[in-house]
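> Can you look at this prediction? I've put the sequence above it.
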Amino acid sequence: MGNIFCLLLFCLPDQPIQRCGTRQSHCPVSIMTSQMDTDEQSIVLPSSTTSGLTLSLHPLPILNISEHLTRLKLQTRSNSPFVLGALLGTQNGREVEIVNTFELATEEGRDDLVDHDFLVSRRDQYKQVFPSLEFIGWYTVAPVPTSRHIALHEQFTGYCSTPLLLVLQPSTITSSSSDITGQTLPFKAYEPTIEIRDKKTRSVFIEAPYKVETGEAERIAVDWTAKGGGGSTSLESHLQSQRAAVKMLHERILVLVQYVTNVIAGQIPTDHTTLRSLSALIASLPASENKGFRDEFNTEYEDVQLTAFLSSLTKSANILNDLVDKHLVLIGGSRDDRTLTVRRRGMGRQGMMPGDWAMHP
């Protein structure tokens, strides 16, 4: 999935924005702010213009870019750090896959100039390990692509004829949505193209749809990462699930307690249906403070522990019994062999020839 990665608008120095070929020529020219905003938005062609690319985005680039942004936020103590990296993948005609990424460096003190020596070195290193992966674009973090990203885009044309752009847009994440399946990833892919308007040409971007594609190995890796890495065991995962369940139960109980408290205080109207449901729920709970219940519970607990101990003891006894049987078979076979050898030697000393063994079974 080839995409060119955009630079953050506020990370670049202020530059004059050229208005030629603007798509909003009917807007008042006297309003400079509106004019600049119009020019910024016109870098991306409208949704009516479609891209013919078939893009596939793998989970590893998503994790790499997200980790890159999070790490730079912590290192720079900034909510909008400058993020820049390269995309690696495969391309077959108009079918592109983004498989991996690596971070890029810029010239010292110049975020708008890519360190080409570092790029070539890292690309060649990845090429030795993954010969099938090619440089297909770059990525960054920004709300939307702007005209200021075109200069960066042109620096990558020497490595790929049409480098693609992948933009992480954290501002598009809607935490208020409770429908997880309806949420989309905060990534957008763009394909570069040339627009001719008023007999002038300029570089623009076309938004390209993409799909997330994953293989069996990637699914296993993502699941392993989500569960906390290599230190996780089945027991640990079980305990974490139990902890999450208890925590959720505790939070819901707090909600019920707060509701009853507010009803008693007269802060919210009384809902008799809800109160009856709460009363029925409480009545269905066992009387854990009753002495008879506690004694019965302790008795059952001890019975279960005793049964588990007896089961373990029986299993150990069976293993020991099998070991003794095998030892007896081994020792018994060795004694029979020694007895037969001594008997044969005794018969030979009585004058029998070695060939006579065939006639005396």
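Cool, the structure landed.

> biggest helix in this structure by residues?
Longest among the helix segments of the chain by residue count, using DSSP state H, is helix 291-349.

> same question for it, mean pLDDT?
Across helix 291-349, the average pLDDT comes to 79.

> Spit out the contact partners of the closest residue to residue 81 other than its chain neighbours.
Closest residue in space to residue 81, ignoring its immediate chain neighbours: residue 72 at 3.8 Å, by C-beta to C-beta, 6 or more residues apart in numbering. Backbone N, C-alpha and C define where each C-beta goes, glycine included. Counting by C-beta atoms under 8 Å, 6 or more residues apart in numbering, residue 72 touches 78, 81-83.

> Residue 188 - how many residues pack around it?
Residue 188: 23 surrounding residues under other C-beta atoms under 10 Å.

> now swap in residue 58 and tell me
Residue crowding around residue 58 was assessed by other C-beta under 10 Å; the count is 19.

> Correct me if wrong: it contacts residue 218.
Yes: under the criterion of C-beta atoms under 8 Å, residue 58 lies in contact with residue 218, with a separation of 6.3 Å.

> In JSON lines, list the contacts of residue 72 along with distance to residue 100, pLDDT and secondary structure.
Compiled in JSON lines, the contacts of residue 72 are given as follows (distance: C-beta to C-beta, whole Å; pLDDT from 0 to 100; DSSP: H, G, I helix; E, B strand; the rest coil):
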{"residue": "78", "distance to residue 100": "26", "pLDDT": "88", "secondary structure": "coil"}
{"residue": "81", "distance to residue 100": "22", "pLDDT": "88", "secondary structure": "coil"}
{"residue": "82", "distance to residue 100": "21", "pLDDT": "88", "secondary structure": "coil"}
{"residue": "83", "distance to residue 100": "16", "pLDDT": "91", "secondary structure": "coil"}
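
> Most neighbours among those, please name it.
Ranked by neighbour count under the definition other C-beta under 10 Å, the contacts of residue 72 are headed by residue 83 with 23 neighbours.

> what is the mean pLDDT for whatever helix or strand residue 195 lives in?
Using DSSP states H and E, residue 195 maps to strand 187-197. For strand 187-197, the per-residue pLDDT values average out at 87.

> Lovely, talk soon.
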